[in-house]
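Chemist: Quick one, structure for this:
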Amino acid sequence: MTKRALISIYDKSGLEEFARGLVELGWELVASSDTTEALNSFGLKATSVEELTKSPEMLGGRVKTLHPSIHAAILARRDREDDVAALSENAIEPFDLVCVNFYPFAKVVARYGVREEDAVEMIDIGGPTIARAAAKNYAYVAVVSRADQYSFVLDELRQSGELSEDTRRQLAGEAFATTAAYESAIAAWFADREAFPETMTTTLIKVLDLPYGENPHQRGAFYAEAYGRRHLLSRVEQLHGRELTFNNLNDLSTARLIIDEFTLPACVIVKQANPCGVAVGASPEESFIRALSADPSSAYGAVVILNRPISAELGKMLSEQFIEVLFAPAYAQKAIDALRELETRVLTHYERRRGDPSEKDYKRVLGGLLAQDRDWGLEDRSGMEVVCGEISEEAWGDLLFAWKVVKHVTSNAIVIAKGLQTIGICGGQPSRLDAVKVAIERARENGHDLSGAALASDSLFPFSDGPKLVLEAGIEYIVQPGGSKRDRESIEAVNEAGGAMVFTHRRHLRH
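Modeler: Alright, predicted model coming up:
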């Protein structure tokens, strides 16, 4: 018996090669009207759905494949006498393969200013319906739902004459995943007027298999949110080095979020998902030298990111360090040549990632997710209050610089900055006072002068002992959210010591 394939696709990429391969294997083709026209233009014969059903397309194309002659041909179980008899009584021949893809709903709604009626017209009904029908009946029908499946389906048909049950089952699972992702995008669009709808749907698509997870005994992969949203590796190219790991990407995410805080030449060095050196400079070379000198020992084996191209001179400097991942917008050829001598993973990107105010931040917990708005926002003086002391423009620069960095450090977070360079960072301590002590100690260990420095705290100081310790170390400026019942005591302590303090009235906890 001749094998039959039903083809109804919006995206015709790869169609000619796939359909021609089926025809060469002796398959008969049935197709929706626009797909039939495409096949005929390739010189391939196909029976149109209208010819098969004896029913024309209706409602401007909204009704094409929604017909018993189509769905019975897909859903009939070949081992059931009553199913086979029903096909015979109604002169219906079964399909052995269904090839389908859908209207590009997500691409259309991602366009700026798209009208709601245009978006609604891109909700495919027939395509997902026949895909689900074929997937349900995978015991007898193969469903091809993506163009990247065409080649291996043809290869197996050429080698074996048919698709194995394992292949049909795999294709069915992928089809259900495709329809689920499609419905998820539609549901998310309808729910976008609510920040946190009753049912949250999201679709994740695998971008990269990773060699392992956080530890070698854990498996790992990187998934990105589907449908147009830029992600960590969007428009990123790896120029050199070993494959990226779970921890590389986790560190890179932190580094990219921090570097996006700055427009001047800047360098960010991240280790264990926390910055250990951040600096702004007159040039990329200067920003790297200053970021590295912030804490040289912690920078060993770190992720380094710059927001300016890497010159030959800077490439040579970087090649003298052990760097796990290097990320920059461009590289001089001599810089690439120098870096190729190392195992450093060298990445470049072709588009700066812009913060999406609608993007949500998720944290996995047992049996579910915690969801929140991502901590975006410009870190300027608006909304900040000078509660004591006087602050020069230079000091304001350091305060705002430290405040930008501190929101990316694990709480309790303390960042000490001087001259637009971090000189002491600590996070993750259960006690904020201990975090202050460690940050001061790290600064001194690395030979930094604390006099006239600025300190940022991601959350309030509950007592005056923290600010007192800061001032005793020679640090003169403090920026913190404020809001403690004992704020007055802290203000008095800073004032008596001749320092200055700013309340942001906004905190940046990052657990």
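Chemist: Give me the residue ranges of the stretch 351-500 of the chain where confidence is low.
Modeler: Within the stretch 351-500 of the chain, the segments meeting pLDDT under 70 span 352-357, 377-379.
Chemist: let's see 90
Modeler: Within the stretch 351-500 of the chain, the segments meeting pLDDT under 90 span 351-362, 364, 369, 371, 373-383.
Chemist: what's the span of stretch 240-249, first residue to last?
Modeler: End-to-end distance for stretch 240-249, by Cα to Cα, to the nearest Å: 16 Å.
Chemist: buried set for that stretch?
Modeler: Neighbour-count burial for stretch 240-249, counted by 16 or more other Cβ atoms under 10 Å, picks out 240-241, 244-249. (Glycine included, C-beta is placed from N, CA and C.)
Chemist: taking those residues one by one, which sit in strands?
Modeler: Taking DSSP state E as the definition of strands, the buried residues of stretch 240-249 contribute residue 240.
Chemist: buried stuff in the one helix or strand in the chain whose mean pLDDT sits lowest?
Modeler: Ranking every helix and strand in the chain by mean pLDDT, DSSP states H and E puts helix 49-53 at the bottom, with a mean of 77. Residues of helix 49-53 classed as buried under the neighbour-count rule (16+ other Cβ under 10 Å) are 49, 52-53.
Chemist: just curious, which of the residues you listed is nearest to residue 170?
Modeler: Closest approach to residue 170 among the buried residues of helix 49-53 (Cβ to Cβ): residue 49, at 26.9 Å.
Chemist: Verify the contact between that closest one and residue 7 for me.
Modeler: No - counting by Cβ atoms under 8 Å, residue 49 does not reach residue 7; the two are 9.8 Å apart.
Chemist: one step back: C-terminal to the least confident helix or strand of the chain, what's the next element?
Modeler: Past helix 49-53, further along toward the C-terminus, the next helix or strand under DSSP states H and E is helix 68-75.
Chemist: Could I get the buried residue list for that following helix?
Modeler: For helix 68-75, by 16+ other Cβ under 10 Å, it's 69-75.
Chemist: Make sure residue 238 is indeed in a strand.
Modeler: Yes - when DSSP: H, G, I helix; E, B strand; the rest coil is applied, residue 238 is found to be in a strand.
Chemist: from now on call the first residue 247
Modeler: In the new count, where the first residue is 247, that last one comes out as residue 484.
Chemist: Just give the nearest non-adjacent residue to it, would you?
Modeler: residue 593 (5.4 Å; Cβ to Cβ, 6 or more residues apart in numbering).
Chemist: who does that neighbour bridge with?
Modeler: residue 484, residue 573 (DSSP bridges).
Chemist: that older thread, now for the buried residues of stretch 486-495: which two are most distant?
Modeler: Farthest-apart pair in those is 486 and 492; separation 19.9 Å (Cβ to Cβ).
Chemist: what sits against the residue nearest in space to the middle of the chain?
Modeler: With distances taken as Cα atoms, centre = their mean, residue 477 lies nearest the centre of the chain, 2.9 Å away. The contact partners of residue 477, by Cβ atoms under 8 Å, 6 or more residues apart in numbering, come to 453, 470-471.
Chemist: Start from the N-terminal end of the stretch 547-696 of the chain and give the strands.
Modeler: 548-552, 569-574, 591-595, 606-611, 614-619, 631-634, 660-663, 668-672 (DSSP state E, counting those that start in this stretch).
Chemist: strands paired with the fourth one, and their directions?
Modeler: If you go by DSSP bridges, strand 606-611 pairs up with strand 614-619 (antiparallel).
Chemist: what's the partner strand in contact with?
Modeler: Counting by Cβ under 8 Å, 6+ apart, 441-442, 446, 603, 606-609 sit against strand 614-619.
Chemist: One more: stretch 671-681?
Modeler: Residues from elsewhere that reach stretch 671-681 (Cβ under 8 Å, 6+ apart): 520-522, 540-541, 651, 655-662, 682, 684-685, 688, 703, 705, 707-708, 711-712, 715, 756.
Chemist: which one among the contacts of residue 477 gets closest to residue 512?
Modeler: Lowest distance from residue 512 to those (Cβ to Cβ) belongs to residue 470, with 25.6 Å.
Chemist: before we move on, what SS does the closest one have?
Modeler: Once three-state DSSP is applied, residue 470 turns out strand.
Chemist: Confirm for me that it is in contact with residue 453.
Modeler: Yes - using Cβ under 8 Å, residue 470 is in contact with residue 453, at 4.9 Å.
Chemist: shared neighbours of these two, anything?
Modeler: By Cβ under 8 Å, 6+ apart, residue 470 and residue 453 have these common neighbours: 477, 479.
Chemist: got the buried residues for the longest helix seen in the chain?
Modeler: Using DSSP state H, we find that the single longest helix of the chain is helix 411-436. Within helix 411-436, the residues that count as buried by 16+ other Cβ under 10 Å are 413-414, 416-418, 420-422, 424-425, 427-428, 430-435.
Chemist: Equivalent analysis for stretch 385-403, please.
Modeler: 386-393, 395-396, 399-400, 403.
Chemist: In helices, which of those fall?
Modeler: Among the buried residues of stretch 385-403, the ones falling in helices (DSSP H) are 396, 399-400, 403.
Chemist: with these in mind, which one is nearest to residue 579?
Modeler: residue 396 (38.6 Å).
Chemist: could you list every residue that touches that closest one?
Modeler: Each residue near residue 396 by Cβ under 8 Å, 6+ apart is listed here: 260, 263-264, 267, 390.
Chemist: The same query, at a cut-off of 6 Å, please.
Modeler: Residue 396 sits next to 260, 264 when contact means Cβ atoms under 6 Å, 6 or more residues apart in numbering.
Chemist: Retrieve the pLDDT associated with it.
Modeler: Note for residue 396: predicted pLDDT of 93.
Chemist: Distance check, the residue of the chain most remote from its centre against residue 293.
Modeler: Relative to the centre of the chain, the most outlying C-alpha is that of residue 335, 52.8 Å out, by Cα atoms, centre = their mean. According to Cβ to Cβ, to the nearest Å, residue 335 stands 21 Å off from residue 293.
Chemist: about what we covered before: Provide the backbone phi and psi angles at the residue farthest from the centre of the chain.
Modeler: The phi/psi pair for residue 335 (degrees, to the nearest 10) reads phi -60, psi -30.
Chemist: For residue 423, give its distance to residue 483.
Modeler: Taking Cβ to Cβ, one finds residue 423 at 28 Å from residue 483.
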